[in-house]
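Chemist: What follows is a predicted structure for the sequence shown.
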Amino acid sequence: MTFYRELIKGLWRENPIFRLVLGMCPTLAVTTSVENSLGMGMATLFVLVCSNLVVSLLRNLIPAKVRIPCFIVVIATFVTIVDLFMNAFAHALHGSLGLFIPLIVVNCVILGRAEAFASKHALWLSLADGIGMGLGFTLGLAALGACRELLGAGSLTVWGDIKWALEGYEPFLLAILAPGGFIALGCLLGVMNHVQSRLAARSGRHVTPPQHLDCRHCVMCRFGK
Amino acid sequence: MNPQADPRFVVSPSPHVHSGVTVRRIMLDVVIAMLPALAVALWFFGWNALRLVSACVVGCVAVEWLCRRGMRRDIGVTDLSAVVTGMLLAFNLPPTLPTWMAVVGCAVAVGLGKQVFGGIGYNPFNPALVGRVALTISFPVAMTRWTPWRVPSPLSIEAVTTATPLGAVKTALSSGEPMPYAFDGRTLLDFFLGNQNGCLGEVSAAALLLGAAYLLARGWISWHIPVTYVGTVALLAAAVRATDPAHSIPVAAHLVTGGLMLGALYMATDMVTSPMTKRGHLVFGAGCGVLTFVIRQWGGYPEGVSFSILLMNACTPLINRYTRPRVFGHGGRSPARKTTA
Amino acid sequence: MKQTLRLISVLTVICAGAGALLGWTNALTRDRIAAALREEKLGALRAVLPVYDNAPDRDTVRIQTGGREWTFYRARRNGTCVGVAFESVSDQGYGGPIAVMVGVTNGMVNRVEILRHAETPGLGARITERPFLRRFEQRSIRDTVWALRKDGGVIDRITAATISSRAVVDALKKGLDVYLEHKKEITEDAPPSLSPQGGVKNGATP
Amino acid sequence: MVPRLFHARPRGVHPDDRKALSAAMPVETLPLPSILRVSMAQHLGAPATPVVKKGEAVRRGQRIGAASGFISAHVHAPTSGTVKAVQDAPTLSGPPAPAVDIEPDGEDAWTDLQPCPAWRNTPAAALVERIAEAGVVGMGGAGFPTHVKLQPPPEKHIDTLIINGAECEPYLTADYRLMLEDPQRIWTGACIIAHVLGVERVRIAIEDNKPDAIAAMAGVVREFKGDAAVVSLETLYPQGAEKQQIRALLGREVPSGGLPMDVGALVENVATACAVHDAVLTGQPLIERIVTVTGTPVQRPKNVRARIGTCFNDLAGFCGGLKGAAKLIAGGPMMGLAQPSLDGAVTKTASGVLALASEECTAFESLPCIGCGRCIAACPAGLVPAELSLYLEAEDYEAAAACHVMDCIECGCCAYVCPARRPMVQHMRRGKAWAAARSRSR
């Protein structure tokens, strides 16, 4: 039961992209198509599961003082493995993801889960956490990628030639450009927050934020503080 | 005492009188000020101008209404700010743009440029410019296609030219050709009156100045932003022209072609997105001027007004912060230097 | 002291483990990666060259000129040279360098492929589309003014992507200039002593 | 340093002054009403303590309330009669304070007065004593006890006396009529104050929309031996606020939290000067003042000489009654206090009673600020009201205090010009109350 709970929490309740807002660099950079999103998501999933497992296994061995270097070494190792394997077996995808594969090392989701979860929980639960978080990350990327690709290119590319394209669509290029990534992420975050607050209101756990955090009283956009 | 029945009166904090200025009134005056330019657009671009302006106004009001409804806020469309945004957006579009693209622009302008931030007063960027830039980036081909309806070539070299004066000059200069226009007095007068290719609202500096004079007289804009904006562009243009006359446009041509007048008079002066103090206006106008000139002279686009205004919009909070008035009785210290809690 | 030793040893062990794992992975994937890289190159060559039966990536001529080394790949059928391909890079791209592979046969440009670029999706990235690349093909190397029409040449640019279009032309022109200058060395050189390896025989070009 | 260029012009607004309603009406004296309610809180500082009991007979000018602190003033019976009640009653600003109800006996018999015509030969301390005894307070609106102002600490040197006849509030004409009809009393009062303080320089400040008042005052000032002049000020609200006036006249800026004496100036209202004259030359305490009863709903707008404690109802009746009034204001429209009913009574600081018809009232709506910057251009204190009001709306008092909310003078210029009709002054008052409470608790 616990296993199951740890598994599904990353999909919605603690979705790394939309709830924890972690790993924004790949989120914004590679979500120009569903294919890239899925590739990135899978790579992250693999690294996340492996690093969670290893960190959980070694959690009693690693002294607290050097735990971050140890985690980074473990994570970097798995990232390099993914990089090499992807280069060997999915060369085209490796080409389009480019630099972002090595950059998985600095994806806060992975270090975050190692630090916050795997280093404190048993192997079994860490596996569930890694799978759940990885899948949640993948789903988030795919959702973002789908929105951007559909709007910005008029197509949905799942993998290689498994592709569906709108005929005669005039692409809304902004969506696929860098600013479009921010805008699409912001819109999806807004929708998620809206849904969450509706759910919270229904279950009676709704909390009204303090007034000075309300946009209506913020002077950031007017006086810069 | 007095037999007269004791009436109860309204009790409210002072002051008990008001200048009578309302947001709606200001917006209405802005719309009135844009009418001369609209008339010029109708004269030169005909049906297309009517089509785009009505599409944008209706689109912006509709999007505003939908957003307010969706967010369960009071429906604020009666303040006419969406109408102003719609007209400004239409003024920034080329005459042949498909209607559906204009409507997409409205959705971006009002939806992403304004309502996402909380509606009127909260938007950091000028909504009409957000819409225009989104369209420029997304549909670069449609946004740079100019097919005039009643615009004769100022020098009658050809009956029809398909580029804006600035665009034509940029292309010519970048490929080492001579300038396509002579920019003598007659051409400049033609351009000043609106006899040129361009976006709907930007062609006639004369009409824009007429409307801006009305806004100035009503006190809704101050001279600071337009004068420093146009002045900075003129100054830089004069400097570059003096050093390299072969590869630069005359100062006067800078002022009467492209969107400089529209931007300086109607969009840089937008109350919500420009600084609040007069000194802030000076900084803002000068910043817009420098950016516009840099983009026009050395950048990839022939025109840089919308980008420079948006960039300066982003600086507005900072300008506001450092151009606060000196508080009475506080010597020369600026309160901005003191940190708040 | 004991504590420090423990820290050092744990880190060492973990690093050693990681190193071992990586070494093993590298050994496992090295050949595949090399093959994939070669296949990538052959794919591009196959696309730009006419039908051949040798291994052009092994039948190369290297030419040093202008501080750069150019590699020309030669395609042969029955021992005769039927085409030459080369890779050329322009740094005038909008988003970064643009690398193209150009195939030449009979004094004409056979086909052009974009190998790498970082242009804006939907705008500059349209240089990879066939309708644009077709504007270069089947033109005489010598008799064509290799420039955009707005720069006084014959190539139509992509609307709103002048910079990217110009960069492609630039890459092409630079490579063709070197090719023309060294045409003799490139085409009249004896066939390499190395016999073509099996398995690299070319299929048909489309 | 900020270039001086940008601060040279005073900030403020130009509301429609509407003074024509009552400007031409000579001062009329109100007949004795049937009851007078004299509040003990007529001035800034501690309310006076009632010294009469219910049923007691009082004579006109007799002290009925004694000052109860350093910053406080005596209160006197406006007429002779019987004390009907001594009880708490709401003041014009709301919170209740003790009040003495007097039923006039119609004889209007003075108590014993001690005139002092030879004031030039009287020591300053004795004159201050007389002024304090007469309960004179600043009659322009703040109600600061005059005798306190006239005793500056020895280290403060005052070189200029300013007699404030600006009357920048729209509608009000009480000071204007006083200057037209009684310039000599004002001038003598000014001379007494100058004598007390030992200043050689006197300025009479009048806005340039009252040329005949300027002429009237200039006529009497001619005889002064020292440096005296009538200065015409640009018509700009709030030029009558003392700190703004000092800057306009002398170019000196009273430091934040300071008093005019910190820059060597003293400002007295023209009506206060007149009251000083009465207190010294005739020995009469401050028991009556000129009140402008005006506004479109008032049938016959007038300038009325009314006893302190006169009910607004009696004033309205004297002026033909009110027709269709939606709002009743004690004072002017910019800073006056809205009254719930006609039950209020004239105080020493009540320069006007203003009625507004419903179409003249504007409701605050608190729409979003559109950043027009008009409030910044209008604020005479150099604040950024737009920002302050956002902080205060969010109840972020710390931030508001850091942005100098305490320097707000509540003149209402910001709210007057705000196109979004934000209730700026209300916000500022909340912020000032919070900041004052904090500085007390420290």
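Modeler: Perfect, thanks for sending it. Residues are numbered from 1 along each chain as shown, chains lettered A, B, ... in the order given.

Chemist: Get me the contact residues on the stretch 51-200 of chain B for chain C.
Modeler: Within the stretch 51-200 of chain B, the positions adjacent to chain C are B:Pro140, B:Val141, B:Thr144, B:Thr171, B:Ser175 by Cβ under 8 Å from any Cβ of the partner chain. Backbone N, C-alpha and C define where each C-beta goes, glycine included.

Chemist: all helices for the chain, in order.
Modeler: Just so you know, I chose chain A. Along chain A, the segments classed as helices by DSSP state H run A:2-9, A:24-30, A:34-57, A:67-89, A:91-97, A:108-113, A:123-153, A:178-202, A:220-223.

Chemist: wrong one, I was asking about chain B
Modeler: Using DSSP H, the helices of chain B run over B:23-45, B:47-70, B:81-91, B:99-106, B:127-138, B:165-174, B:185-193, B:205-218, B:224-243, B:251-256, B:260-262, B:278-298, B:305-322.

Chemist: quick one: is the last one near chain C?
Modeler: Right, the one you point to is helix B:305-322. No: using Cβ under 8 Å from any Cβ, helix B:305-322 stays clear of chain C, with a minimum separation of 15.7 Å.

Chemist: Can you name every helix or strand that that helix contacts?
Modeler: helix A:220-223, helix B:127-138, helix B:278-298 (3 or more Cβ pairs under 8 Å, 6 or more residues apart in numbering or on different chains; DSSP states H and E).

Chemist: For the shortest one, which outside residues touch it?
Modeler: By that I understand helix A:220-223. Residues external to helix A:220-223 that are found in contact with it (Cβ atoms under 8 Å, 6 or more residues apart in numbering or on different chains): B:117, B:122-124, B:316-317, B:320-321, D:369, D:371, D:384, D:386-387, D:390.

Chemist: Point out where chain D drops to low pLDDT.
Modeler: Along chain D, the parts satisfying pLDDT under 70 run over D:1-8.

Chemist: Let's have the contacts of helix A:220-223 in a markdown table, adding neighbour count and distance to B:His247.
Modeler: Shown next, in a markdown table, are the contacts of helix A:220-223 (neighbours: other Cβ atoms under 10 Å in any protein chain shown; distance: Cβ to Cβ, whole Å):
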| residue | neighbour count | distance to B:His247 |
| --- | --- | --- |
| B:Phe117 | 17 | 41 |
| B:Tyr122 | 20 | 43 |
| B:Asn123 | 26 | 38 |
| B:Pro124 | 18 | 36 |
| B:Thr316 | 25 | 34 |
| B:Pro317 | 18 | 37 |
| B:Asn320 | 27 | 38 |
| B:Arg321 | 19 | 39 |
| D:Cys369 | 28 | 46 |
| D:Gly371 | 24 | 40 |
| D:Val384 | 27 | 45 |
| D:Ala386 | 27 | 45 |
| D:Glu387 | 23 | 46 |
| D:Leu390 | 24 | 49 |
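
Chemist: Filter the residues you listed down to the ones in strands?
Modeler: Per DSSP state E, strands hold no members of these.

Chemist: Could you find the closest non-adjacent residue to the closest residue to chain C within the stretch 1-150 of chain B?
Modeler: Proximity of the stretch 1-150 of chain B to chain C (Cβ to the nearest Cβ) peaks at B:Pro140, 3.7 Å away. Nearest residue to B:Pro140, sequence neighbours excluded (Cβ to Cβ, 6 or more residues apart in numbering or on different chains): C:Ala160, at 3.7 Å.
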